[in-house]
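Participant: this one's structure only:
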């Protein structure tokens with residue numbers, strides 16, 4: 001749900017509706033709008049006429065359905081119909097019959113699309129909408145529970161009312177409500193307060209409207225009616241209020257039109273950051289859009305929160321911690337102060353210890369296999385980077401990564417290992433993560449069965465902060481490499497968590513890896529917002545999520561060595577910004593983190609690109625490619641990159657084929673292209689830091705804490721409770737009936 005305060009809410013709503021219809025046309029080739037009656041409909045129709053005249057929407061592809069619940073001639077249908085005279089869309093006026101005018105809407109609604117793109121709802125002071133009446137009307141409960149697309153209610157306020165059913169209203173892709181005056185504002189505010197706790201409140205019929213996907217437009221006088229509901233968990237967050245203003249921002253023309261109108265677009269919308277060339281000319285933004293988004297960034301405090309992070313302030317408010325991953329890659333003469341203490345010397349102390357150990361292992365001919373046991377950030381980062389930097393790895397030493405608590409993961413690694421030549425790196429900050437410790441105990445038993453207990457000290461090292469538990473496990477604490485609570489797991493690949501990676505690529509190349517991070521940090525910290533690549537990419541993502549409604553992003557590296565990069569970004573982004581409350585505990589009413597996914601090209605082209613090109617959903621894409629491959633086969637690399645450039649072009653511009661619709665490519669599918677000379681340790685560091693800072697900027701704009709992850713806690717707690725129940729004690733009756741039955745079945749069959 002989003003609330004927009006505007007001087008003229010009808011105009012703001014019309015611009016928003018025009019944007020939704022434009023997007024629907026881009027997605028599916030046509031669009032539909034149902035406009036209900038009431039006092040706000042004529043002004044909305046008037047504003048829509050203006051939008052039609054301005055040419056913002058291809059109205060010849062739009063069906064407008066008049067849905068006047070107050071049946072003409074005693075309602076507003078005639079006034080509304082007058083506004084639609086000569087309207088350039090296909091207008092479906094509700095038929096009025098002398099025999100039963102209310103029943104006419106039932107047949108009218110039956111002809112509507114299965115799913116409407118936009119429904120405008122008139123709202124009464126008593127909370128009725130689409131004629132859903134307040135009790136004690138005898139038909140109210142039956143009407144609200146009906147699966148009819150429309151139906152008739154007798155004798156509501158002295159006359160028959162026809163009503164759209166919830167199946168059409170709640171099934172619409174979005175709903176628009178105009179609130180004029182304090183009484184309607186009070187009704188809507190009451191709905192917002194109750195919406196998540198009691199959706200179907202029959203004393204407030206609009207409570208049966210689903211809040212998700214509903215946009216409320218109010219004038220300044222009505223806005224005061226929401227003030228009493230901006231406190232507590234259901235209040236509207238400041239970020240939601242700022243983002244609601246995007247509803248007024250006009251949607252850009254198509255990419256074809258923007259490139260035709262601006263011959264310099266392909267050079268103006270390209271920004272260099274360190275070793276990365278970022279081409280965002282095929283993003284669905286123009287100069288006006290970026291002006292609006294940059295203003296949003298400044299209003300949201302992007303610069304101030306960025307500076308606070310680099311100053312070591314406790315911006316992780318729920319855990320009262322600094323966010324210091326930038327300190328992990330600073331040069332030794334830099335400074336990063338946390339709670340009055342410069343942590344850079346501590347960081348380099350650990351790096352020096354890692355370097356000495358890595359050099360010792362690389363020189364020891366007896367060690368040929370390093371097994372990293374961790375999970376989450378203690379696995380995804382080093383595993384992804386190990387694959388990405390394949391061309392820079394030690395010839396003798398191979399690394400494996402074990403994370404899943406399922407026995408197949410550890411079994412498959414041990415099956416190809418020799419105890420005498422294997423080194424285990426146990427990565428767990430607290431040394432208490434159940435998946436990691438379960439795998440570590442299995443590995444220790446496998447080793448000691450072959451070599452005896454004394455071998456643990458020689459073949460196990462720890463990356464942890466808990467010396468006591470490490471020692472209890474049998475690991476020599478001299479071989480324990482620490483990090484700090486101001487480093488989140490998903491931001492830790494450049495800390496001691498990267499020990500296995502340092503062993504694989506060597507300390508010098510690991511140092512280059514860190515230098516790449518630091519170079520992007522400096523760009524993010526110092527570049528003006530208009531030239532700041534993480535800021536630009538973050539703002540484009542906010543535009544897609546909060547104005548255009550695109551809820552996923554595909555990351556498509558055209559380098560097979562980056563096969564796990566999308567998986568790495570899934571944790572980085574979705575664990576950071578997958579939040580529904582803001583930093584002050586207010587529930588947010590806007591979308592936050594996108595769903596991140598992807599595969600390397602060209603494999604994905606033969607799998608899911610069909611949906612990206614011709615599906616009903618718009619999926620923004622980030623393409624990542626390199627001028628040179630890390631292999632000697634130039635023909636392969638030329639073919640790979642030609643595919644990447646072709647996909648970027650095809651998505652953006654498409655190809656018309658009216659004779660064969662199945663071969664028609666609508667285009668206007670946005671994408672960003674990131675290029676670098678070669679995938680090196682430094683460039684990989686730059687790429688990771690780029691996406692880290694995108695997450696930070698978007699989290700700031702969405703008003704969420706990007707640096708906690710409380711969403712993982714409940715599942716952990718329940719798993720710890722269920723584990724003994726699977727083994728027979730106690731009787732599984734402490735859960736819901738479904739979970740109890742699952743546990744009982746497992747106990748019977750295990």
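Facilitator: Great, that's in hand. The structure presented is a predicted model; accordingly, all values stated were derived computationally and were not measured.
Participant: Where do the strands of the stretch 551-700 of the chain begin and end?
Facilitator: 552-557, 595-597, 621-626, 671-676 (DSSP state E, counting those that start in this stretch).
Participant: May I see the ones you listed arranged in JSON lines, with mean neighbour count as well?
Facilitator: In short, each C-beta sits where N, CA and C put it, glycine included. Shown next, in JSON lines, are these (neighbours: other Cβ atoms under 10 Å):
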{"stretch": "strand 552-557", "mean neighbour count": "23"}
{"stretch": "strand 595-597", "mean neighbour count": "17"}
{"stretch": "strand 621-626", "mean neighbour count": "23"}
{"stretch": "strand 671-676", "mean neighbour count": "22"}
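Participant: for the ones you listed, which one sits closest to residue 345?
Facilitator: Between residue 345 and the strands of the stretch 551-700 of the chain, the tightest spacing by Cβ to Cβ is seen for strand 671-676, at 32.0 Å.
Participant: Give the other helices and strands that that closest one contacts.
Facilitator: Applying 3 or more Cβ pairs under 8 Å, 6 or more residues apart in numbering; DSSP states H and E, one finds that strand 671-676 contacts strand 276-279, strand 621-626, helix 634-653, helix 681-702.
Participant: neighbours around the residue nearest to residue 537 when sequence neighbours are not counted, how many?
Facilitator: In this structure, residue 537 finds its nearest non-sequential neighbour in residue 694, 5.2 Å apart by Cβ to Cβ, 6 or more residues apart in numbering. Residue neighbour count, defined by other Cβ atoms under 10 Å, stands at 25 for residue 694.
Participant: pLDDT-wise, which helix or strand of this structure ranks last?
Facilitator: helix 77-83 (a mean of 55; mean pLDDT, DSSP states H and E).
Participant: ok, and what's touching the following helix or strand past that one?
Facilitator: Later in the chain than helix 77-83, the nearest helix or strand by DSSP states H and E is strand 90-92. Outside strand 90-92, the residues that touch it by Cβ atoms under 8 Å, 6 or more residues apart in numbering are 60, 62-66, 84, 108, 111.
Participant: min pLDDT across those residues, which one?
Facilitator: Least confident entry in those, by pLDDT: residue 84, with 61.
Participant: Helices of the stretch 1-150 of the chain, residue ranges please.
Facilitator: 9-28, 41-53, 77-83, 101-110, 140-145 (DSSP state H, counting those that start in this stretch).
Participant: Now the weakest link among the ones you listed, please, by mean pLDDT.
Facilitator: helix 77-83 - the lowest mean pLDDT of the helices of the stretch 1-150 of the chain, at a mean of 55.
Participant: dump the residue contacts of residue 654.
Facilitator: 613, 664-669.
Participant: can you tell me which of the residues you listed lies nearest to residue 577?
Facilitator: Relative to residue 577, and with distances defined as Cβ to Cβ, the nearest of those is residue 669, at 23.4 Å.
Participant: Neighbours of the closest one, how many?
Facilitator: Neighbours around residue 669, by other Cβ under 10 Å: 26.
Participant: State the pLDDT value of the residue lying closest to it once chain neighbours are set aside.
Facilitator: Leaving aside its chain neighbours, residue 669 sits nearest to residue 651 (3.8 Å; criterion: Cβ to Cβ, 6+ apart). If you check residue 651, the pLDDT there is 98.
Participant: thought residue 651 was touching residue 673?
Facilitator: No - using Cβ atoms under 8 Å, residue 651 makes no contact with residue 673, being 10.7 Å away.
Participant: Other residues contacting the helix or strand harbouring residue 290?
Facilitator: Assigned by DSSP H and E, residue 290 belongs to helix 287-299. Among residues not part of helix 287-299, those counted as contacts by Cβ under 8 Å, 6+ apart are 242-243, 245-246, 249-250, 252, 285, 303, 529-530, 535-536, 538-540, 542-543, 697, 701.
Participant: just stretch 680-691 next, same as before
Facilitator: 273-276, 329, 385, 388-389, 392, 493-494, 505, 509-510, 512-521, 524, 533-534, 537, 565, 568-569, 572-573, 624, 626, 674, 676-677.
Participant: Now do the nearest residue to residue 274 once chain neighbours are set aside: how many residues are near it, please.
Facilitator: In space, and not counting its chain neighbours, residue 274 is closest to residue 519: 4.4 Å by Cβ to Cβ, 6+ apart. Neighbour count of residue 519, defined by other Cβ under 10 Å: 20.
Participant: pretty sure residue 519 belongs to a helix, no?
Facilitator: Yes - per DSSP: H, G, I helix; E, B strand; the rest coil, residue 519 lies within a helix segment.
Participant: Following element in sequence after whichever helix or strand residue 356 is part of, please.
Facilitator: Element membership for residue 356 (DSSP H and E) is helix 344-363. Going down the chain from helix 344-363, the next helix or strand is strand 369-373, by DSSP H and E.
Participant: For residue 117, which non-adjacent residue is closest in space?
Facilitator: Nearest to residue 117 is residue 24, by Cβ to Cβ, 6+ apart, at 4.4 Å.
Participant: picking up where we left off before, which ones are touching the residue nearest to residue 669?
Facilitator: Going by Cβ under 8 Å, 6+ apart, residue 651 touches 282, 612-613, 621, 667, 669-671.
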